[in-house]
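# would you be able to build a 3D model of this:
(one chain, ligands or ions: 2)
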Amino acid sequence: MNRKNADVVAEPSPSRDHVRIFDTTLRDGEQAPGFSMSLSQKLHMAHALAELGVDVIEAGFPRVSDDDFAAVHRIAREVHGSVICGLARAQAGDIDTCARALEPAAAWRIHVFLATSPLHREHKLNMSRDQVIDTGTAAVRRARSLCEDVEFSAEDALRTEPEFLIEVLSAMIQAGATTVNVPDTVGYTTPAEIHALFTRLKREVRGIDKVILSAHCHDDLGLGVANSLAAVAAGARQVECAIAGIGERAGNAALEEVVMALRTREDHFKVRTRIRTPLLLPTARLLADVTGATIPRNKAIVGDNAFAHESGIHQHGVLRHRETYEIMRPEDAGVKRSQIVLGKHSGRHALRDRLQSLGYEVDEAQMDDLFARFKTLADKKKEVFDSDLDALVLGQDPATLGPWRLVQMHVTSHLHGRVSAAVRLGHDDGRIVGKTETSLGDGPVHAMLRVIERATGVDLNIVDFQIRSLSYGADAQGRALLRVNHAGREFVGRGVSIDIVEAAAMAALEVVNRIERTRQGQALSLVANHV
Ligand code: KIV
Ligand code: ZN
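Ligands and ions are numbered 1, 2, ... in the order given. Sure, this is the predicted structure:
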């Protein structure tokens with residue numbers, strides 16, 4: 001019997017304003033196509049989720065496979081700080097297996113589910129209402145004999161007759177459930193509807209005030225987060241969600257959106273979570289790394305564009321006073337800063353601000369000239385990078401800005417991870433430098449970065465490196481983004497090519513060139529000569 005939980009989470013008399021975050025990235029999320037994870041990846045994610053401060057980690061469904069059992073068992077043994085939960089059907093075998101998988105955890109929960117809607121009763125379970133109640137009661141009692149923390153989920157609750165749902169939940173509380181979860185399994189409900197249902201459940205389910213009422217909303221109509229928030233407004237004190245909203249079909253409510261909505265609109269919801277919000281972006285990035293899925297640019301909170309401003313009017317506003325166009329501080333979600341993306345919509349304020357951050361002080365006359373040339377360039381290019389601005393200031397063609405240029409590159413990968421990378425680089429002073437590097441296990445991109453470091457003599461202390469496809473298909477262009485820390489300053493380089501190693505090489509050379517020009521103090525002194 002698990003007696004260790006008492007002082008962790010899910011206490012029977014919950015503090016009224018604490019909304020528990022139940023993360024199901026590793027269960028509902030992982031079962032979705034494209035998001036499966038190996039045991040070590042799940043373990044890595046589970047540590048990150050505990051660090052993020054989620055109250056409950058649903059680590060898997062132990063009865064479903066030996067791999068799931070092993071992952072839940074390992075997470076239960078090694079991950080501390082959150083309650084570790086396993087899913088079980090309302091069957092003795094599932095419940096006992098779940099308990100065995102969870103046993104090593106300091107605090108654990110058995111999550112029993114049984115469908116309650118007429119469609120599921122008739123076509124899936126072939127059970128009458130009474131049989132559903134009896135089966136659920138026996139399952140919850142069995143789980144309670146093994147564990148003090150038991151959650152019951154009424155699968156497809158939002159398509160269940162409300163009076164029957166009330167009966168089921170009352171019976172499960174009486175049988176010992178400490179959390180009752182009301183899933184919108186097929187993402188069918190609306191905010192007004194779920195609010196009305198939860199209000200009624202709070203009023204009519206017997207014993208509801210002694211347990212935690214929970215929402216689990218799928219996103220089939222894009223309403224997963226809105227429905228979860230409506231449930232909270234009506235009294236739910238646990239939200240089941242997943243990082244980046246992954247899960248069955250269209251997914252679950254996105255954890256980062258629920259958490260930031262509750263935080264940003266605390267004035268409205270009057271509740272809190274225990275999430276360490278600056279870890280939201282790193283956790284979403286870890287999930288993307290582990291699963292190979294990319295986070296859409298426009299994804300709320302953790303997408304690249306979530307704090308990026310393109311429109312000139314917005315840029316002007318944000319530069320004057322951040323809150324004109326930002327409702328959250330980027331740092332609170334783990335994003336370093338709001339990003340002003342320079343392009344054809346940008347105005348003089350945004351250009352001047354970026355020039356200043358690059359170390360260029362320009363007077364009004366210089367600014368008129370630079371702004372005119374910037375607009376011409378921005379009409380031709382989607383995004384104007386820092387290196388393009390260097391070129392503008394220095395009166396050069398952005399494509400030829402040096403001092404280093406890529407003359408030749410060659411990469412060969414061999415079986416078992418051996419890679420050779422070779423480059424020939426040209427320097428403005430007339431030198432041609434060639435270097436070759438052979439390494440084991442690092443991959444071609446890494447080998448290319450190392451050989452560029454050796455050829456130029458500039459150390460690339462990498463803070464962040466991303467490669468992403470700009471379109472679909474085998475011939476899609478790859479875009480590399482490299483952030484490097486050098487002598488206490490951050491330098492960013494970008495490269496776009498159909499060949500990702502070449503894109504990485506271009507990004508690395510942009511960084512090297514920026515570092516070298518800064519070193520020589522060339523940029524600043526040339527401003528005076530050229531502008
Ligand atoms: O969507 C659902 O109903 C579920 C249950 C197992 C909670 O994932
Ligand atoms: Zn689900």
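
# quick one: buried residues of stretch 113-125?
Under the neighbour-count criterion of 16 or more other C-beta atoms under 10 Å, stretch 113-125 has 113-117, 120-121, 125 buried. (C-beta placed from N, C-alpha, C; glycine too.)

# for whichever strand or helix holds Val451, give the mean pLDDT please.
Element membership of Val451, judged by DSSP states H and E, is helix 444-456. Averaging pLDDT along helix 444-456 gives 90.

# do stretch 243-255 as well
Throughout stretch 243-255, pLDDT has a mean value of 97.

# any idea how far it is from the chain center?
Chain-centre distance of stretch 243-255: 11 Å, with C-alpha atoms, centre = their mean, to the nearest Å.

# what's the closest of the buried residues of stretch 113-125 to ligand 1?
Comparing the buried residues of stretch 113-125 against ligand 1 with C-beta to the nearest ligand atom places Phe113 closest, at 4.1 Å.

# return the residues in contact with the closest one.
By C-beta atoms under 8 Å, 6 or more residues apart in numbering, Phe113 lies in contact with 87-90, 152-155, 181, 183.

# in what helix or strand does it lie?
Using DSSP H and E, the element containing Phe113 is strand 108-115.

# next helix or strand past that strand?
Strand 108-115 is succeeded, C-terminally, by helix 118-120 (DSSP H and E).

# check whether that following helix contacts ligand 1.
No: remark: helix 118-120 sits outside contact range of ligand 1, by C-beta under 6 Å from any ligand atom, the gap being at least 9.8 Å.

# what sits up against the helix or strand just after that helix?
Counting by DSSP H and E, the element after helix 118-120 in chain order, helix or strand, is helix 129-146. Contact with helix 129-146 is made by 1-2, 88-92, 95-96, 98-99, 110, 112, 114-116, 121, 125, 127, 150, 152, 164, 167-168, 171-172, 174-177, as judged by C-beta under 8 Å, 6+ apart.

# which of these count as buried?
Neighbour-count burial (16+ other C-beta under 10 Å) applied to the contacts of helix 129-146 gives 2, 88-91, 95-96, 98-99, 110, 112, 114-116, 121, 125, 127, 150, 152, 164, 167-168, 171-172, 175-177.

# mind listing which of these are in strands?
Residues of the buried ones among the contacts of helix 129-146 located in strands (DSSP state E): 88-89, 110, 112, 114-115, 150, 152.

# adding pLDDT and distance to ligand 1, write the residues you listed out as JSON lines.
Below are these laid out as JSON lines (pLDDT from 0 to 100; distance: C-beta to the nearest ligand atom, whole Å):
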{"residue": "Ala88", "pLDDT": "98", "distance to ligand 1": "10"}
{"residue": "Arg89", "pLDDT": "98", "distance to ligand 1": "9"}
{"residue": "Ile110", "pLDDT": "98", "distance to ligand 1": "13"}
{"residue": "Val112", "pLDDT": "98", "distance to ligand 1": "9"}
{"residue": "Leu114", "pLDDT": "98", "distance to ligand 1": "9"}
{"residue": "Ala115", "pLDDT": "98", "distance to ligand 1": "8"}
{"residue": "Val150", "pLDDT": "98", "distance to ligand 1": "14"}
{"residue": "Phe152", "pLDDT": "99", "distance to ligand 1": "10"}
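
# hmm, which helix or strand of this protein has the shakiest average pLDDT?
Least confident helix or strand of the chain, by mean pLDDT, DSSP states H and E, is helix 522-530 with a mean of 44.

# what is the burial count for Thr376?
11 (other C-beta atoms under 10 Å).

# just the element for the residue in the stretch 201-350 of the chain positioned nearest to ligand 1, please.
Residue nearest to ligand 1 within the stretch 201-350 of the chain (C-beta to the nearest ligand atom): His216, separated by 5.0 Å. Element membership of His216 [criterion: DSSP H and E] is strand 212-217.

# contacts for that strand, please.
Applying C-beta under 8 Å, 6+ apart, the contact partners of strand 212-217 are 10, 14, 20, 22, 24, 151, 153, 178-185, 187, 189, 194, 198, 201-202, 223-225, 227-228, 231-232, 235-240, 252-253.

# neighbouring strands - and their directions - for it?
Paired with strand 212-217 in the same sheet, following DSSP bridges, are strand 179-184 (parallel), strand 238-241 (parallel).

# okay, those strands, which one's buried deepest?
Ranked by mean neighbour count, the strands paired with strand 212-217 are led by strand 238-241 with a mean of 29 (mean count of other C-beta atoms under 10 Å).

# helices or strands next to the helix or strand just after it in the packing?
Next helix or strand after strand 238-241 toward the C-terminus (DSSP H and E): helix 255-264. Under the contact criterion of 3 or more C-beta pairs under 8 Å, 6 or more residues apart in numbering; DSSP states H and E, helix 255-264 touches strand 20-23, helix 224-233, strand 238-241, helix 280-291.

# repeat that with 6 Å
When contacts are defined as 3 or more C-beta pairs under 6 Å, 6 or more residues apart in numbering; DSSP states H and E, helix 255-264 packs onto helix 224-233, strand 238-241.

# please see if the shortest one touches ligand 1.
Read that as strand 238-241. No: taking C-beta under 6 Å from any ligand atom as the criterion, strand 238-241 and ligand 1 are apart, separated by no less than 7.0 Å.

# let's see that strand as PDB, backbone CA atoms only.
Output in PDB follows, covering the C-alpha atoms of strand 238-241 (Å, rounded to 0.1, in the frame of the first residue of the first chain):
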ATOM      1  CA  GLN A 238      -6.700  19.800 -12.000                       C
ATOM      2  CA  VAL A 239      -6.000  20.300 -15.700                       C
ATOM      3  CA  GLU A 240      -4.700  17.400 -17.700                       C
ATOM      4  CA  CYS A 241      -2.500  18.600 -20.600                       C
END
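
# quick one: contacts of that strand?
For strand 238-241, contacts defined as C-beta atoms under 6 Å, 6 or more residues apart in numbering pick out 20, 22, 24, 212, 214-216, 228, 252-253, 255, 258.

# and the first one, by the same measure?
With contacts defined as C-beta under 6 Å, 6+ apart, helix 224-233 is touched by 19, 189, 191, 194-195, 198, 215, 217-218, 239, 253, 257-258, 261.

# closest one of the residues you listed to Val302?
Proximity of those to Val302 (C-beta to C-beta) peaks at Glu257, which lies at 9.0 Å.

# angle of the strand holding His216 against helix 224-233?
On the basis of axes from the mean of the first three to the mean of the last three C-alpha atoms, to 10 degrees, strand 212-217 is oriented at 160 degrees to helix 224-233.

# quick check, pLDDT for Val341.
For Val341, the pLDDT comes out at 86.

# repeat for Arg424
With respect to pLDDT, Arg424 scores 93.

# so it is in which element?
strand 418-427.

# each with direction, which strands does that strand pair with?
By DSSP bridges, strand 418-427 pairs with strand 404-413 (antiparallel), strand 432-440 (antiparallel).

# quick revisit: redo the contacts of helix 224-233 as CSV? Include distance to Val484.
As requested, the contacts of helix 224-233 are exported to CSV (distance: C-beta to C-beta, whole Å):
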residue, distance to Val484
Val19, 40
Thr189, 48
Pro191, 45
Ile194, 48
His195, 49
Phe198, 50
Ala215, 44
Cys217, 42
His218, 41
Val239, 39
Ala253, 37
Glu257, 32
Val258, 35
Ala261, 35
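
# ok, the closest residue to Lys336 other than its chain neighbours - how many residues close by?
Leaving out its chain neighbours, the residue that sits closest to Lys336 by C-beta to C-beta, 6 or more residues apart in numbering is Pro330, at 6.8 Å. Neighbour count for Pro330, taken as other C-beta under 10 Å: 19.
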